[in-house]
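A.B. asks: sequence first, predicted coordinates after that:
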Amino acid sequence: MFDQKQPAVGNESPGREEPVVVRRFRPSDLQHIMPIENAAFPVDAFPESEFRRLSTAHPDHFLVAEIAGAVVGYVA
């Protein structure tokens, strides 16, 4: 599965200095994921506990996207 950082396919846009990297979720990512979740879903955002549950139940299917080390997205 996702055992190491993988550059995303199709991220070779002109002018973009850093590639998008897709990797497995780490618990320390929650501090970055929660603001994204709350901004994207202001009414029905998942609570932090749901992300913790998903990371335990489906660790291979909880991925984080980052650019230059900063979390910019996720899929769970």
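C.D. replies: Structure received.
A.B. asks: so what does the strand or helix carrying Ile36 touch, helix or strand wise?
C.D. replies: Assigned by DSSP states H and E, Ile36 falls within helix 30-40. Identification of packing neighbours for helix 30-40 by 3 or more Cβ pairs under 8 Å, 6 or more residues apart in numbering; DSSP states H and E yields helix 48-57, strand 70-75. Where you see a C-beta, it was placed from the backbone N, CA and C, and this is true even at glycine.
A.B. asks: give the buried residues for that helix.
C.D. replies: Leu30, His32, Ile33, Glu37 (16 or more other Cβ atoms under 10 Å).
A.B. asks: please apply the same query to stretch 55-71.
C.D. replies: Here stretch 55-71 shows Ser55, Phe62, Leu63, Val64, Ala65, Glu66, Ile67, Val71 as buried, counting by 16+ other Cβ under 10 Å.
A.B. asks: where does the second one fall, phi/psi-wise?
C.D. replies: Phi and psi for Phe62, reported as degrees, to the nearest 10, are phi -110, psi 100.
A.B. asks: re the thing from before, how about the buried residues of stretch 55-71 in JSON lines, adding pLDDT?
C.D. replies: Below are the buried residues of stretch 55-71 laid out as JSON lines (pLDDT from 0 to 100):
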{"residue": "Ser55", "pLDDT": "95"}
{"residue": "Phe62", "pLDDT": "95"}
{"residue": "Leu63", "pLDDT": "96"}
{"residue": "Val64", "pLDDT": "97"}
{"residue": "Ala65", "pLDDT": "97"}
{"residue": "Glu66", "pLDDT": "96"}
{"residue": "Ile67", "pLDDT": "95"}
{"residue": "Val71", "pLDDT": "97"}
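A.B. asks: could you identify the most distant pair in those residues?
C.D. replies: The two members of the buried residues of stretch 55-71 with the most space between them (Cβ to Cβ) are Ser55 and Ile67, at 21.4 Å.
A.B. asks: and of the helices and strands packed on helix 30-40, who's closest to Arg23?
C.D. replies: Once the helices and strands packed on helix 30-40 are compared by Cβ to Cβ, strand 70-75 is nearest, at 9.9 Å.
A.B. asks: on that earlier part again, out of the buried residues of helix 30-40, who's nearest Val75?
C.D. replies: Using Cβ to Cβ, Ile33 is the member of these that lies nearest Val75, at 10.6 Å.
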